[in-house]
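J.: Pasting the sequence and the predicted coordinates here, then a few questions.
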Amino acid sequence: MADLRSQLGSLSEIGDVKDALQSVKDQLEAELLKQQKQRELAVALKKRQAILNGLEAQPEWFGYVAAFGGSVVSTLIMHPVDTIKTRLISQAKEDAKEKPKFSLETIKNFFGFGAEEDDDGGLLGLYRGVVGNVIKEGPSSALYLGVYESAKTRLLLSGPLVALPLVVYLLAGAVGEFFGSIIRAPAEALKASVQSGQDANTFESGRRVFGTEDGRLNVYRAWTASLWRDVPMGAVQIALFEGLKVFIINAPNIDFDVNTLQAEAGLGFICGAIAALLTTPPDVID
């Protein structure tokens with residue numbers, strides 16, 4: 001009987017040893033996984049720093065040129081959507097009792113499949129005013145991002161906001177958007193009048209908008225109203241974009257390369273959509 005108890009005690013000790021070994025093994029695997037994640041994070045940070053160093057080594061004017069080119073491409077892609085939005089808002093203004101709605105009939109009319117009397121120009125009509133839109137977005141975006149990068153770099157290098165990068169992103173984005181809006185507001189007036197069908201082309205719109213005192217006064221009023229939309233949107237979207245990238249890079253459980261073109265486009269889409277949602281009311285006022 002004593003031998004049986006001794007054998008059982010030995011088996012219990014062996015089981016405890018196995019449990020202890022398994023616990024040590026699990027701890028080692030967890031530590032190795034943690035170290036691997038840290039190495040991957042260090043590599044990602046080093047890669048991002050190399051990209052940032054390369055961008056800083058470029059001449060300051062390159063940021064303006066890159067912003068202009070990117071803005072022109074995105075404008076050509078998204079102009080039809082902007083045309084639909086402008087027509088919906090214009091339609092609502094004509095009849096204050098009716099609200100703009102995305103119905104099947106509305107979509108058919110906008111895309112040229114409605115009644116014969118619809119003179120919006122069908123699919124090609126969705127690109128009406130594209131010249132004015134390119135004039136609006138290209139130079140203004142170049143100013144926006146160029147001024148933003150310059151202001152951000154200076155604020156992060158010295159001053160009381162060095163330890164507050166999110167605040168720096170917001171302030172730099174707001175300043176950049178303010179300067180961009182000086183060009184955007186007059187071009188917006190040209191583009192909107194052509195898109196809504198008020199003028200036949202950009203040249204005719206320019207004569208009406210800038211050639212009369214009422215037109216110039218309306219542009220000034222539109223610019224002051226647009227500041228309530230553009231400045232907050234410019235600040236919010238760039239701050240969200242920068243902050244989200246930093247968060248993803250520093251998150252140990254997120255394996256996502258934010259430096260690829262697809263990733264930056266996706267993040268830009270998300271942040272731009274959020275900013276647009278927040279600034280829709282002042283956009284309608286404008």
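T.: The structure has been received and is ready for your questions. Numbering: from 1, shown residues only.

J.: low-scoring stretches of the stretch 151-286 of the chain, by residue?
T.: The model of the stretch 151-286 of the chain has pLDDT under 70 over residues 195-196, 281-286.

J.: Which parts of it are helices?
T.: 165-195, 202-210, 213-250, 261-278, 280-285 (DSSP state H, counting those that start in this stretch).

J.: could those be laid out in a markdown table, adding mean neighbour count and distance to residue 25?
T.: C-beta coordinates here come from the backbone N, C-alpha and C atoms, glycine included. Output for the helices of the stretch 151-286 of the chain, formatted as a markdown table (neighbours: other CB atoms under 10 Å; distance: least, CB to CB, whole Å):
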| stretch | mean neighbour count | distance to residue 25 |
| --- | --- | --- |
| helix 165-195 | 22 | 41 |
| helix 202-210 | 17 | 72 |
| helix 213-250 | 18 | 29 |
| helix 261-278 | 14 | 36 |
| helix 280-285 | 13 | 56 |
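
J.: Out of the ones you listed, the one nearest residue 158 is which?
T.: helix 165-195 (11.4 Å; CB to CB).

J.: and that closest one with helix 261-278, angle?
T.: Computed by axes from the mean of the first three to the mean of the last three CA atoms, to 10 degrees, the angle separating helix 165-195 from helix 261-278 equals 80 degrees.

J.: so how far is helix 165-195 off the chain centroid?
T.: 14 Å (CA atoms, centre = their mean, to the nearest Å).

J.: Please name the residues that touch the spatially closest residue to residue 155 that is not a sequence neighbour.
T.: Distances taken as CB to CB, 6 or more residues apart in numbering place residue 168 nearest to residue 155, at 4.5 Å, with adjacent residues excluded. The contact partners of residue 168, taken as CB atoms under 8 Å, 6 or more residues apart in numbering, are 152, 155-156, 161.

J.: which among those end up buried?
T.: Buried members of these, scored by 16 or more other CB atoms under 10 Å, are 152, 155-156.

J.: Format these as a markdown table; extra columns: distance to residue 265.
T.: Output for these, formatted as a markdown table (distance: CB to CB, whole Å):
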| residue | distance to residue 265 |
| --- | --- |
| 152 | 21 |
| 155 | 26 |
| 156 | 25 |
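
J.: What is the nearest of these to residue 132?
T.: Among the buried ones among the contacts of residue 168, and counting by CB to CB, the member closest to residue 132 is residue 152, at 29.9 Å.

J.: For the closest one, give its distance to residue 172.
T.: 4 Å (CB to CB, to the nearest Å).

J.: out of the buried ones among the contacts of residue 168, which are inside strands?
T.: Judged by DSSP state E, the buried ones among the contacts of residue 168 include no members of strands.

J.: hang on, the earlier thing: just give me the closest of the contacts of residue 168 to residue 33.
T.: Among the contacts of residue 168, and counting by CB to CB, the member closest to residue 33 is residue 156, at 33.6 Å.

J.: Test my guess that the closest one contacts residue 165.
T.: Yes: using CB atoms under 8 Å, residue 156 is in contact with residue 165, at 6.6 Å.

J.: per-residue confidence at residue 69?
T.: Residue 69 carries a pLDDT score of 87 in this model.

J.: Name the residues of the host helix or strand of it that are buried.
T.: If you go by DSSP states H and E, residue 69 is part of helix 60-94. Neighbour-count burial for helix 60-94 flags 63-64, 66-68, 70-72, 75, 79-80, 82-84, 86-88, 90 (criterion: 16+ other CB under 10 Å).

J.: And it, what does it pack against?
T.: helix 104-110, helix 130-157, helix 165-195 (3 or more CB pairs under 8 Å, 6 or more residues apart in numbering; DSSP states H and E).

J.: and with 10 Å instead?
T.: helix 2-57, helix 104-110, helix 122-125, helix 130-157, helix 165-195, helix 261-278, helix 280-285 (3 or more CB pairs under 10 Å, 6 or more residues apart in numbering; DSSP states H and E).

J.: Contacts only, for residue 145.
T.: 63-64, 66-68, 70-71, 173, 176-177, 180, 234, 238 (CB atoms under 10 Å, 6 or more residues apart in numbering).

J.: redo that, cut-off 7 Å
T.: 63, 67, 176 (CB atoms under 7 Å, 6 or more residues apart in numbering).
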